[in-house]
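K.L.:
Based on what follows, work out the 3D shape:
(chains A and B)
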Amino acid sequence: MAEKKFEKAMQRLEEIVKGLEEGDLSLEDSLKSFEEGMKLLKFCSNKLEEAEQKVTLLVKQGDGKHTQVPFKLEEENNAE
Amino acid sequence: MPPENKTPQVYSVSELTENIQTLLEDHFDFVWLEGEISNFSRPASGHYYMVLKDENAQIRAVMFRLQTRYLKFLPENGMKIVAQGRLTVYAPRGEYQIILDYLEPMGVGALALAFEQLKKKLASQGVFDKEIKKPLPFLPQRVAVITSPTGAAIRDFLKIIRRRFANMEIIVVPVRVQGEESTADMVEAMDWVNRELNVDVIILTRGGGSIEDLWAFNREELALAIRKSRIPVVSAVGHEIDFTIADLAADFRAPTPSAAAELLVVEKETLLHRLEDMRNRLISGLGRKLKGLNQDLDHLSKRVKDPRKRLDDSWMRLDEIHNRLTRLMDLIVRDRKNRLSMEKRSLLLHSPLNVSASIKQRLDFQRTAIGHAMNSCLGEKQMSLSLLEKRIKDLSPLSILNRGYSITRSLPEKIVLRDASVVKKGKQVQVLLAKGALECRVEKRESE
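P.N.:
Residues are numbered from 1 along each chain as shown, chains lettered A, B, ... in the order given. The predicted model follows:
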């Protein structure tokens, strides 16, 4: 689903860029295209950057449940 | 067996068998043996029974269940093997046999053989079928990494993820990746992640090691757990050259832990580059368009002139023509002047003055005469001229006023009055004097 939306946005973006590059558009249409292009760019960039970088370690507790704690490599601890 | 005692020693069967047992078991308590397997059987007890033979002899062999657990492959009839074990005598049947502790195929290693056997078996069950492999998720954002939290694999994996600034949530699911229990650990983790974690992809990974170290990844249970996973599984075990059953069962095989990380970020990076490219093209595209339009505008504005400018132009043209005219006039005047002075010079050159002294003298005389005549003539003329001038001056109303006359005008019509009868008594009149004016009222009128 996310992939389809993203792909569609990318395709539309390609069309807009090509249209602008061919230069046959009126000024108004050029500006409109540009605006739409920038919106699509923002949408796509946001999609790419959506998740945040986070590394956790799963820890099994006594009662069989699990929790996640921030994960650090041993050597990182040593280096600090 | 003392020879001096003539009475032969008679053993009971048990005694003899016991003696044989002691002899054999003490002497052959650790032997290596090579041969071919036949009559292989594996009853419910889990022990392996077989006959080892070569061209001329055969020997019964048994491997108890406890030892078979460490065997990585399944013995087959006709297989040539090298075995290690000890001889025992089975008294109830008077048979001897070898109890095997270790068995390995001749030629290929035991593990290689086991690998091939399991591969064949799982392939026939369709576990490796390409058609059932799941595609990698698009832009994975949550990733479960099943691995040892202290191993090289997770270190390499995270190094790549961090270096590439991949925004990803990574959950390390700690398991043992080596030893007898590690397979069960990984199978459990696989099931648990599928049940409890909402991740886009599972990475099953471990750093390099010997084939024995990696053996946990060559187990049937793990292959089946991978196959069962609803979440796509990427396996990345050991180095490029290491191929495991888990690799074959996984939806995707990465040759190394680092490669698995690259696999996750590479698509995103390509997309980012594509986006960056389009951003640049979008901006330069509009820029070009605007520049083109600006140029068009420039051309147009050059063709359509401002009316004010046209007026200015006319003024300038007018001024220019005026200047040219003045200059032309100047030129003409100067030219005439020059010609005049030239004429004058040539006239002087040809002046009779230069002709001869006598003529000059005569001329001088005549000139003086003429001068006198001229002077008297001029004097007369001058006198009549100043007379004329005086008369003209006298005629001017101003000089009349100077002599004491004044001009009376009716008010407010300002008509000069010449006749007293035209002014009524009480009317305002203006009297202009040589200097200044008076405003008066008519008190009385006298006719001539």
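K.L.:
switch to C-alpha atoms for all contacts and neighbour counts from now on
P.N.:
Will do.
K.L.:
sec struct for the residue nearest the centre of chain A, please.
P.N.:
Closest to where the C-alpha atoms of chain A average out (CA atoms, centre = their mean) is A:Leu48, at 1.2 Å. Assigned by DSSP: H, G, I helix; E, B strand; the rest coil, the conformation of A:Leu48 is helix.
K.L.:
so who does it touch?
P.N.:
Listed by CA atoms under 8 Å, 6 or more residues apart in numbering or on different chains, the contact partners of A:Leu48 are B:Leu139, B:Lys268, B:Leu272.
K.L.:
If we use 10 Å, what do you get?
P.N.:
With contact taken as CA atoms under 10 Å, 6 or more residues apart in numbering or on different chains, A:Leu48 is in contact with A:Phe6, A:Lys42, B:Leu139, B:Pro140, B:Gln141, B:Ala166, B:Asn167, B:Lys268, B:Glu269, B:Leu271, B:Leu272.
K.L.:
Neighbours of the fifth one, how many?
P.N.:
Meaning B:Gln141. 21 (other CA atoms under 10 Å in any protein chain shown).
K.L.:
What sits closest to it if chain neighbours are left out?
P.N.:
Nearest residue to B:Gln141, sequence neighbours excluded (CA to CA, 6 or more residues apart in numbering or on different chains): B:Met168, at 4.8 Å.
K.L.:
what's the burial count for the residue nearest to B:Asn167 when sequence neighbours are not counted?
P.N.:
Nearest non-adjacent residue to B:Asn167, counting by CA to CA, 6+ apart: A:Gln53, 4.3 Å away. Residues lying near A:Gln53 (other CA under 10 Å) number 16.
K.L.:
Now do A:Gln53, the pLDDT please.
P.N.:
Looking at A:Gln53, its pLDDT is 78.
K.L.:
how much space between it and B:Glu36?
P.N.:
Distance, A:Gln53 to B:Glu36, by CA to CA, to the nearest Å: 58 Å.
K.L.:
before we move on, what about B:Lys424?
P.N.:
According to CA to CA, B:Lys424 stands 172 Å off from B:Glu36.
K.L.:
Look at the two and report which has more neighbours.
P.N.:
Comparing B:Lys424 with B:Glu36 by other CA under 10 Å, the one with more neighbours is B:Glu36, at 20 against 13.
K.L.:
Phi and psi next, for that one.
P.N.:
phi -110, psi 140 (degrees, to the nearest 10).
K.L.:
Would you enumerate the residues in contact with it?
P.N.:
B:50-55, B:58, B:76-82, B:105-106.
K.L.:
What of B:Leu387?
P.N.:
Taking CA under 10 Å, 6+ apart as the test, what B:Leu387 contacts is B:Lys381, B:Lys393.
K.L.:
What of A:Glu50?
P.N.:
Contacts of A:Glu50 by CA under 10 Å, 6+ apart are A:Cys44, B:Leu139, B:Gln141, B:Asn167, B:Met168.
K.L.:
Quick check: the last one vs B:Val199, distance?
P.N.:
By that I understand B:Met168. B:Met168 sits 11 Å away from B:Val199, taking CA to CA as the criterion.
K.L.:
for the strand or helix carrying B:Asp247, packing partners?
P.N.:
Using DSSP states H and E, B:Asp247 sits in helix B:245-249. Packing partners of helix B:245-249 (3 or more CA pairs under 10 Å, 6 or more residues apart in numbering or on different chains; DSSP states H and E): helix B:110-124, strand B:201-206, helix B:220-228, strand B:233-237, strand B:252-253.
K.L.:
Help me confirm that B:Trp32 comes into contact with B:Glu104.
P.N.:
No: if you go by CA atoms under 10 Å, B:Trp32 and B:Glu104 don't touch, sitting 11.1 Å apart.
K.L.:
More neighbours: which of the two?
P.N.:
When B:Trp32 and B:Glu104 are compared on other CA under 10 Å, the one with more neighbours turns out to be B:Glu104, at 21 against 13.
K.L.:
quick one: that one and B:Leu33, what's the gap?
P.N.:
B:Glu104 is 11 Å from B:Leu33, by CA to CA.
K.L.:
Residues that sit against both of those two, list them.
P.N.:
B:Ile81, B:Val82, B:Ala83, B:Gln84.
K.L.:
Hmm, B:His239 is touching B:Ala254, no?
P.N.:
Yes: between B:His239 and B:Ala254 there is a contact under CA under 10 Å: 9.4 Å.
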